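Chemist: Okay, predicted coordinates and the sequence, questions at the end:
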Amino acid sequence: MAVLIFLISLLLFVMIFAYHPSGVIEVNNINITKISNEQRYQHYLYFPRSERLLYREKAREMFQFGYDNYMKYAFPQDELDPIHCQGRGPDVERP
């Protein structure tokens with residue numbers, strides 16, 4: 001019974017700590033400041049428009065490179081075998 005009460009109180013403490021709007025919790029007159037992932041990793045959460053356009057273009061180039069080489073070396077097979085630079089069909093033994 002004591003373990004159950006401890007687990008419930010721990011769960012409530014974590015829930016309050018995680019969702020308290022001010023980010024500061026006072027427990028036994030001790031202030032605990034919440035450091036959220038947004039504060040810690042804020043510079044990773046935003047990409048400027050120029051970077052987004054750059055990476056979008058790089059993704060298009062990578063897709064086009066793969067697709068062009070598939071059409072050149074592997075079509076109409078299922079996939080491109082990079083070692084032999086030719087197409088290969090479905091893996092019938094291990095589908």
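Modeler: Arrived safely. Residues are numbered from 1 along each chain as shown.

Chemist: Would you mind pulling the contact partners of the longest helix along the chain?
Modeler: If you go by DSSP state H, the chain has its longest helix at helix 49-69. Residues outside helix 49-69 that contact it (CB atoms under 8 Å, 6 or more residues apart in numbering) are 47, 80. (Glycine included, C-beta is placed from N, CA and C.)

Chemist: Can you dump the C-alpha atoms of that helix in CSV for me?
Modeler: Only the C-alpha atoms of helix 49-69 are listed here, as CSV (Å, rounded to 0.1, in the frame of the first residue of the first chain):
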residue,chain,number,x,y,z
ARG,A,49,13.6,30.1,-45.2
SER,A,50,16.9,30.1,-47.1
GLU,A,51,18.0,26.9,-45.4
ARG,A,52,14.6,25.2,-46.0
LEU,A,53,14.8,26.0,-49.7
LEU,A,54,18.4,24.8,-49.9
TYR,A,55,17.6,21.5,-48.2
ARG,A,56,14.5,21.0,-50.2
GLU,A,57,16.5,21.4,-53.4
LYS,A,58,19.2,19.0,-52.1
ALA,A,59,16.5,16.4,-51.4
ARG,A,60,15.1,16.8,-54.9
GLU,A,61,18.6,16.4,-56.4
MET,A,62,19.2,13.2,-54.4
PHE,A,63,15.9,11.8,-55.4
GLN,A,64,16.5,12.7,-59.1
PHE,A,65,20.0,11.1,-58.9
GLY,A,66,18.6,7.8,-57.5
TYR,A,67,15.6,7.8,-59.9
ASP,A,68,17.7,8.5,-63.0
ASN,A,69,20.2,5.8,-62.2
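
Chemist: mean confidence for that helix?
Modeler: Helix 49-69 carries an average pLDDT of 91.

Chemist: Now the element after that helix, going C-ward?
Modeler: strand 79-81 (DSSP states H and E).
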